[in-house]
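Colleague: here is my input, please return the structure:
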Amino acid sequence: MPRPAVTAFAFRLFDRPLHPELFPATATERIVRPGYTATLSLGEDGHRIEVCTGGRTLTELLAPKDYVLPAGGRRVGRGVRGAGLEDVTFDDDRGPAVRYQAGHQAETPAADVFEHITAELRADAAATAARGDGEERSPIARSDEPGRTARPGALACRFASGGRLTGDSIGLIRAEVAADSLLIHAIHTFADARIVVRTQSLWEWL
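Modeller: As a prediction, this is how the structure comes out:
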C-alpha cells in the first residue's frame, strides 16, 4: 500500500497520551531515563513520539489529517506544507516543567537531489536494525550526565510507493538522549510526489 500524499498530512502535539491503536506502528523503540520515558514509533503513515514525565504525557504525531483522534488536549495542529515552527512550555502541577520546540519542513527537491537523499537514507536504513520487521531493535544511545548528549540511535522503515519506477519511500528517526533533554530528528520521503518532510523536536526539562 503506498504512503498517503504529503498534502494530506498534519503535524500535531497533544498534551495527553494517545492510544497506540490510533497510530499503526511498524517499528518502535522505548527510552527509559530517570526523569522521563519516551516511546518512538515509526509507521507507514508517519511517526508518533510520546514523552512521559511525572504525571504529564506529551505526544507528537505526524500523520494524515483524516486520522480520527481525540478532540481534547491538542496544543499544536498544522498542515505539512512549507515550513513551520512550534514553541510551547508546559509548567503546571502535573510534573516538571517541559519546553517543547519543533520545526517541520516539506520540500520538493530536483530529481537528482531527491535520488541522492534517498540513496543516503537507504544506506542508513540498511545499517539500522529496526527496519520494519519487528524482530530486531537498535538500542538508543543514552547519557546520564546533564548537558551531555549521547550518540544518536535510530529507527528506519521502507514503504512501497504507487509506481514501479519511483522506488520505495523511507522513514527514519534519530534520537539524541541526555538526562535533561531529548532531541528527535525525523525524515520521511514520498517517492511518488518526490517530496521530503523533515521534522526536529527538542524536549527540555527546565
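
Colleague: what about the most centrally placed residue in the chain, helix or strand, and which?
Modeller: Nearest residue to the geometric centre of the chain (C-alpha atoms, centre = their mean): H47, 4.4 Å. Under the criterion of DSSP states H and E, H47 resides in strand 46-53.

Colleague: dump the C-alpha coordinates for that strand into CSV.
Modeller: The C-alpha trace of strand 46-53 is given here as CSV (Å, rounded to 0.1, in the frame of the first residue of the first chain):
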residue,chain,number,x,y,z
GLY,A,46,4.4,9.0,9.7
HIS,A,47,5.6,8.9,13.3
ARG,A,48,4.5,9.2,16.9
ILE,A,49,6.7,10.4,19.8
GLU,A,50,5.3,10.0,23.3
VAL,A,51,7.2,11.5,26.2
CYS,A,52,6.1,10.9,29.8
THR,A,53,7.5,12.8,32.8
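
Colleague: for it, packing partners?
Modeller: With contacts taken as 3 or more C-beta pairs under 8 Å, 6 or more residues apart in numbering; DSSP states H and E, strand 46-53 sits against strand 37-43, strand 56-64, strand 169-178, strand 181-190, strand 195-205. Every C-beta, even on glycine, is put in place using the N, C-alpha and C of the backbone.

Colleague: do that again at 7 Å, thanks
Modeller: Contacts defined by 3 or more C-beta pairs under 7 Å, 6 or more residues apart in numbering; DSSP states H and E place strand 46-53 against strand 37-43, strand 56-64, strand 181-190, strand 195-205.

Colleague: ok, the lowest-mean-pLDDT helix or strand in the chain: who's next to it in the sheet?
Modeller: None of the helices or strands of the chain scores lower by mean pLDDT, DSSP states H and E than strand 153-159, at a mean of 77. As defined by DSSP bridges, the strand partners of strand 153-159 come to strand 169-178 (antiparallel).

Colleague: can you give me the angle the strand holding H47 makes with strand 56-64?
Modeller: Interaxial angle of strand 46-53 relative to strand 56-64 (axes from the mean of the first three to the mean of the last three C-alpha atoms, to 10 degrees): 180 degrees.

Colleague: off-centre distance for strand 46-53?
Modeller: 8 Å (C-alpha atoms, centre = their mean, to the nearest Å).

Colleague: between the two ends of stretch 62-82, how far is it?
Modeller: In stretch 62-82, first residue to last residue: 15 Å (C-alpha to C-alpha, to the nearest Å).

Colleague: hmm, who's touching that stretch?
Modeller: Contact with stretch 62-82 is made by 4, 6-16, 18, 22-23, 45-47, 84, 86, 88, 104, 106, 197, 199, as judged by C-beta atoms under 7 Å, 6 or more residues apart in numbering.
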